[in-house]
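**Q** What shape does this take:
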Amino acid sequence: MIYATLKTLHVLSIIVWIGGMAFAHFFLRPAVTQLDPPVRLRLMLDVLGRFFQAVLVASLLALASGVWMLGRVAKQVVQAGGSFEMPLAWTVMAVLGVAMIAIFLHIRFALYKRLGRAVAASDWTTGGAALAQIRNWVATNLALGILVVIVTLMRWTV
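**A** Coordinates of the predicted model:
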């Protein structure tokens, strides 16, 4: 029961994270380009702040549940007398997941702070540059997230 609960939390966390990135990148960003820089940057600062709070929780839940599920399976295999060898799809998921978390932390604690300082100073040029960097890194994370989903669902093996 606990495995199923953690797997559900894991998948829901990924849905929130990847779905939010897709929404922001493909729907919100194009819509706000019509706004003047002060309005656009203030809006994006507020929206991204809320989204990043959710992603922080989601990424930590995904990491913790993933590590726990992996450890649980490894423990069961070893207790049954087997030798645990992590499947390739799981390895790809773990490595790319950790890379995504690192990218997110850079976005949240470096680039988003830069955006916040620029908005507070009414420096729209610097704010626009910070938002562009955020957009690029979000696109990278979105691509990695989609790759993780594809690898996981296809269950690629060596």
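
**Q** so the residue lying farthest from the centre of the chain is in which element?
**A** Here the chain reaches farthest from its C-alpha mean at G81, the gap being 36.3 Å by C-alpha atoms, centre = their mean. Assigned by DSSP states H and E, G81 belongs to no helix or strand.

**Q** Phi, psi for it please.
**A** Main-chain torsions, G81, degrees, to the nearest 10: phi 90, psi 10.

**Q** For it, which residues are in contact?
**A** Applying C-beta atoms under 8 Å, 6 or more residues apart in numbering to G81 gives no contacts. The C-beta positions use only the backbone N, C-alpha and C, and glycine is treated the same way.

**Q** Could you check the pLDDT of it?
**A** pLDDT, G81: 96.

**Q** how close does it sit to A62?
**A** Plainly put, G81 is 31 Å away from A62 if you go by C-beta to C-beta, to the nearest Å.

**Q** try H25
**A** Taken as C-beta to C-beta, the span from H25 to A62 is 19 Å.

**Q** With neighbour numbers in mind, choose between those two.
**A** Ranked by neighbour count (other C-beta atoms under 10 Å), H25 and A62 place A62 first, with 23 against 15.

**Q** thinking the more buried one is in contact with H10, fair?
**A** Yes - counting by C-beta atoms under 8 Å, A62 does reach H10; the two are 5.6 Å apart.

**Q** the strands in the protein, which residues?
**A** Taking DSSP state E as the criterion, the chain carries no strands.

**Q** Low-confidence stretches in it?
**A** 156-158 (pLDDT under 70).

**Q** now the residue nearest in space to the middle of it, nearest residue through space, not along the chain?
**A** Closest to where the C-alpha atoms of the chain average out (C-alpha atoms, centre = their mean) is W17, at 4.9 Å. Sequence neighbours aside, A58 is the residue nearest to W17 in space, at 4.7 Å (criterion: C-beta to C-beta, 6 or more residues apart in numbering).

**Q** contacting residues for that neighbour?
**A** With contact taken as C-beta under 8 Å, 6+ apart, A58 is in contact with 13-14, 16-17.

**Q** what's the farthest-apart pair in these?
**A** Greatest spacing in these, by C-beta to C-beta: I14 and V16 (7.4 Å).

**Q** So for these two, which residue has more residues nearby?
**A** Comparing I14 with V16 by other C-beta under 10 Å, the one with more neighbours is I14, at 23 against 18.

**Q** how much space between the closest residue to that one other than its chain neighbours and F27?
**A** Once flanking residues are discounted, I14 sits nearest to A62: 5.8 Å by C-beta to C-beta, 6+ apart. From A62 across to F27, the span is 23 Å (C-beta to C-beta).

**Q** No further questions, thank you.
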